[in-house]
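J.: what follows is a predicted protein model with its sequence.
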Amino acid sequence: MLLGKVVGTLVSTRKDEKLEGVKLLVLQRLNVDGEPHDGYAIAVDVVGAGVEEVVMYTSGSPARQTTVTDRRPCDAVVMGIVDTWEVGGQVKYQKR
Amino acid sequence: MLLGKVVGTLVSTRKDEKLEGVKLLVLQRLNVDGEPHDGYAIAVDVVGAGVEEVVMYTSGSPARQTTVTDRRPCDAVVMGIVDTWEVGGQVKYQKR
Amino acid sequence: MLLGKVVGTLVSTRKDEKLEGVKLLVLQRLNVDGEPHDGYAIAVDVVGAGVEEVVMYTSGSPARQTTVTDRRPCDAVVMGIVDTWEVGGQVKYQKR
Amino acid sequence: MLLGKVVGTLVSTRKDEKLEGVKLLVLQRLNVDGEPHDGYAIAVDVVGAGVEEVVMYTSGSPARQTTVTDRRPCDAVVMGIVDTWEVGGQVKYQKR
Amino acid sequence: MLLGKVVGTLVSTRKDEKLEGVKLLVLQRLNVDGEPHDGYAIAVDVVGAGVEEVVMYTSGSPARQTTVTDRRPCDAVVMGIVDTWEVGGQVKYQKR
């Protein structure tokens, strides 16, 4: 799973019928220190994530394993809002 | 999903039978600021995208999840024409 | 398979229902010399790995092939605790 | 789909039974200007491509979607010989 | 398919039950000139490859397409021992 922050949204009205009704988020990828890292992703939201929230997302074929994205041409999905993570006993991120 | 601009087309007449009838586009990948970034992709078009249009595409196994590309040896598909996206409250791209 | 060291944990309470009940580890990727290399991964644990243990993990679609991760939106799984590996006749890592 | 030029062949007699009978090509990857770029690939040929021909190939799971490579441990397949492509109205490659 | 040289082995006794009985090799990836390149891989052996042998391997979902690795959480498999390859009419590697 990858870490990202929701930084925006994307709108596409003319699209493959299998993508109808999904909400598309722009994510800034984060490294394990919680800092921006290595670009962006456009991902389908299945957990109701809002702008500025830190999330877990996945790319590739695992992104089709949620109920919402099953059999859809979706290559990235936000499937969790992160509460906290720690590395070496140190809290690196804590949701406020 | 990745962002790209349609910049050209590719023709291949001698190809695997499962690729018959698909339209192949050359995409310039774009970053989240809408600028050229990180090379190109050759993708199957399933939404009737034209040259200069900004699109969403996907690569890998998700690219076979549209009706057109199902069970085809296709690793990239354009599955949406982008209207707009914004980052941090700022519009980064707006279709004219 | 990739090599990593368990360096932390991640908590996400609001997540896709298919991820309920999994334990999420933060891994530092290791190179073949056993040194930190090329970032981190967030992976589901299926072998009861503890912090500081050196593990094998996998990413992408193979990560869904364990009994625990089957059909889940999981893109990385720890599926083995490493005892030892050697390169060129030289032991590079030995579990203590 | 990726662009490549056939530059050689590879022979492996002791191999997994599912790879019996396939022809293995060495490809030099090309960028969109038709120039060598980013290394090589070893790919199964399903279209009878010859040395020096410019081809489309794909990697990963899409490479198993041709009739020849179905259910085989094949991660790259040449599935088209390229006639031409153009970018920005300019022909970048034209088969002679 | 990727090129590698078998440089070692890895032992993991506490692992997912689906990985029981597989032999794990450490591979040094090779470029098309037969030189070490771009790191290592840990792969399941299905052809009885020995240390110092040059092999073909694959990663990702294609690695599950051998009889041995079917439905296993395996992301890399050695599925051929290379006899020879040539590029531009020049032999780059010849098994002795």
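T.: Everything's here; your move.

J.: ok, A:Val7 - contacts?
T.: A:Val26, A:Leu27, A:Gln28, A:Tyr40, A:Val51, A:Glu52, B:Val87, B:Gly88 (Cβ atoms under 8 Å, 6 or more residues apart in numbering or on different chains). In this view, the C-beta of every residue, glycine as well, is placed from N, C-alpha and C.

J.: against chain C, how distant is it?
T.: 19 Å (Cβ to the nearest Cβ, to the nearest Å).

J.: could you do A:Gly39 as well?
T.: 13 Å.

J.: and the end-to-end length of stretch A:86-96?
T.: 15 Å (Cα to Cα, to the nearest Å).

J.: ok, now stretch A:11-28?
T.: Stretch A:11-28 end-to-end distance (Cα to Cα) = 17 Å.

J.: hang on, the earlier thing: so which of the contacts of A:Val7 sit within helices?
T.: The helices, defined by DSSP state H, take in nothing from those.

J.: quickly list what the residue of chain A found nearest chain C is bridged to.
T.: Nearest residue of chain A to chain C, counting by Cβ to the nearest Cβ: A:Gly80, 3.4 Å away. Beta-bridge pairing for A:Gly80 (DSSP bridges): A:Met56, C:Lys15.

J.: these two touch, right, it and A:Glu53?
T.: No - using Cβ atoms under 8 Å, A:Gly80 makes no contact with A:Glu53, being 10.3 Å away.

J.: between these two, who's got more neighbours?
T.: Neighbours were tallied for A:Gly80 and for A:Glu53 using other Cβ atoms under 10 Å in any protein chain shown; the higher tally belongs to A:Gly80 (26 against 17).

J.: gap between the residue nearest to the spatial centre of chain A and A:Val32?
T.: In chain A, the residue lying closest to the centroid (Cα atoms, centre = their mean) is A:Val78, at 3.2 Å. Between A:Val78 and A:Val32 the distance, using Cβ to Cβ, to the nearest Å, works out to 18 Å.

J.: still on that earlier bit, can I have the buried ones of the contacts of A:Val7 as a ChimeraX selection?
T.: Selection of buried members from the contacts of A:Val7 for ChimeraX, criterion 16 or more other Cβ atoms under 10 Å in any protein chain shown:
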select /A:26,27,28,40 /B:87
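
J.: may I have the phi/psi pair for the residue in chain A positioned nearest to chain E?
T.: Here chain A gets closest to chain E at one residue, A:Ser61, 7.2 Å apart by Cβ to the nearest Cβ. When read as degrees, to the nearest 10, the backbone of A:Ser61 gives phi -60, psi -30.

J.: count the residues that sit near it.
T.: 24.

J.: can you pull the contacts of A:Lys18?
T.: Counted by Cβ under 8 Å, 6+ apart, A:Lys18 has contacts A:Arg71, A:Arg72, A:Pro73, B:Gln65, B:Thr66, B:Thr67, B:Met79.

J.: same check, this time on A:Ala43
T.: So A:Ala43 contacts A:Gly4, A:Leu24, A:Leu25, A:Leu27, A:Tyr57, A:Ser59, A:Ala63, A:Ala76, A:Val77, A:Val78, B:Met1 (Cβ under 8 Å, 6+ apart).

J.: next up, the contacts around the residue of chain A found nearest chain D.
T.: For chain A, the residue closest to chain D is A:Ser61, as judged by Cβ to the nearest Cβ, at 7.2 Å. Residues near A:Ser61 by Cβ under 8 Å, 6+ apart: B:Gly60, B:Ser61, B:Pro62, C:Gly60, C:Ser61, D:Ser61, E:Ser61.

J.: do you know how far the second one is from A:Pro73?
T.: Pointing back at B:Ser61 there. 10 Å.

J.: secondary structure element for A:Val44, which one?
T.: Using DSSP states H and E, A:Val44 maps to strand A:36-45.

J.: quick one: the strands in chain A?
T.: A:2-11, A:14-15, A:24-30, A:36-45, A:54-59, A:76-81, A:84-87, A:90-94 (DSSP state E).

J.: mind listing what the residue lying closest to A:Asp70 once chain neighbours are set aside touches?
T.: Leaving aside its sequence neighbours, A:Asp70 sits nearest to A:Arg64 (Cβ to Cβ, 6 or more residues apart in numbering or on different chains; 6.0 Å). Contact analysis of A:Arg64 by Cβ under 8 Å, 6+ apart lists A:Asp70, A:Arg71, A:Arg72, A:Cys74, A:Val77, B:Pro62, B:Gln65.

J.: cool, A:Met1 as well?
T.: Contacts of A:Met1 by Cβ under 8 Å, 6+ apart are A:Met56, A:Tyr57, A:Thr58, A:Met79, A:Gly80, C:Leu24, C:Ala41, C:Ile42, C:Ala43, C:Cys74, C:Asp75, C:Ala76.

J.: redo those as CSV? Include pLDDT.
T.: Formatted as CSV, the contacts of A:Met1 follow (pLDDT from 0 to 100):
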residue, pLDDT
A:Met56, 94
A:Tyr57, 93
A:Thr58, 88
A:Met79, 90
A:Gly80, 93
C:Leu24, 94
C:Ala41, 91
C:Ile42, 93
C:Ala43, 93
C:Cys74, 77
C:Asp75, 81
C:Ala76, 88
